[in-house]
Each structure stands twice: as structure tokens, then as C-alpha cells.
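Chemist: Here is a sequence together with a model predicted from it:
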Amino acid sequence: MMLKKPMRAFSHLMLLIGLTFASHAAISEKVKLKDPSPQEKELMQASMVGDIDTVKNLVNRGISANARGRYGKSALMFAVEEGSDEVVDFLLSKGADVNALTTPGCTALTFAAEGGYPE
């Protein structure tokens with residue numbers, strides 16, 4: 001009887017590991033990521049430090065609000081992770097995808113939670 005809980009926990013852990021690998025494979029298959037352009041890198045860096053003027057300038061010049069790095073991390077994710085509300089609001093107003101996934105399967109919500117920003 002004492003082994004039931006540890007075995008159940010082990011089963012749940014193995015299921016989560018399996019789902020993680022399966023989702024990683026599915027995401028990698030669906031999203032063909034490439035190296036970002038210099039302008040996309042600049043947008044992500046500006047998002048990371050909360051430089052709203054540079055973010056606005058780049059997006060208004062045609063750089064996608066959905067710009068992503070090699071592993072799928074978007075400008076929105078960088079801004080969320082750093083708690084830059086002004087940049088987050090602007091990117092969302094320009095169509096940034098709040099449900100975009102990184103290669104490992106993280107979303108903007110993941111980065112908000114990790115950064116300690118529950119809202």
C-alpha cells in the first residue's frame with residue numbers, strides 16, 4: 001500500500017516527460033525557425049530593456065511585432081519577462097501573438113510567471 005503514491009507520482013512524471021518530448025517535436029515540426037535579421041534582433045533587445053521608443057520605431061518601420069529568435073522567443077516574451085508593461089501593451093496592440101511558442105514550448109505566460117509578474 002505504501003508504494004501506491006510514489007508509483008503514481010512516478011507515472012505522472014513519466015507522462016509529463018513524454019508529453020514534453022512530444023510537444024517539442026510537434027513544435028519543432030510546425031515552426032521553422034530561422035536566425036532573426038539585425039532589425040529583428042534590435043527589436044528583441046529593445047523589448048528586453050524596455051526601450052519603448054526603439055520598439056515603436058522598428059515596428060512602425062515594418063519589423064514584425066512577432067519577431068522571434070532562433071529558438072522561438074519573441075519580442076513580446078522578452079518584454080513580459082522583464083516586466084516592461086509599456087512595451088508589452090504596444091506589441092499586443094500591433095498584433096503580437098500571445099500564444100506563440102518557443103522551441104521548448106514556452107509562451108509569454110510562462111515568462112511572466114518565471115519573472116514573477118502574475119498579471
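Modeler: Ah, there it is. The shown structure was predicted, so the numbers you read here are calculated from the model rather than taken from an experiment.
Chemist: Any idea how many residues pack against the residue nearest to N99 when sequence neighbours are not counted?
Modeler: Distances taken as Cβ to Cβ, 6 or more residues apart in numbering put T107 closest to N99, at 6.1 Å, once the chain neighbours are dropped. Backbone N, C-alpha and C define where each C-beta goes, glycine included. Using other Cβ atoms under 10 Å, the number of residues around T107 comes to 18.
Chemist: List the residues that contact T107.
Modeler: Applying Cβ atoms under 8 Å, 6 or more residues apart in numbering, one finds that T107 lies in contact with M77, V98, N99, A100, L101.
Chemist: ranking these by neighbours, who comes first?
Modeler: In the contacts of T107, the most neighbours by other Cβ under 10 Å go to M77, 29 neighbours.
Chemist: circling back: ramachandran angles for the residue nearest to N99?
Modeler: phi -120, psi 180 (degrees, to the nearest 10).
Chemist: where along this structure do the helices fall?
Modeler: 4-30, 38-49, 52-60, 75-82, 85-93, 108-114 (DSSP state H).
Chemist: Could you tell me the least trusted of these?
Modeler: Ranked by mean pLDDT, these end with helix 4-30 in last place, scoring a mean of 50.
Chemist: Brilliant, that's me finished.
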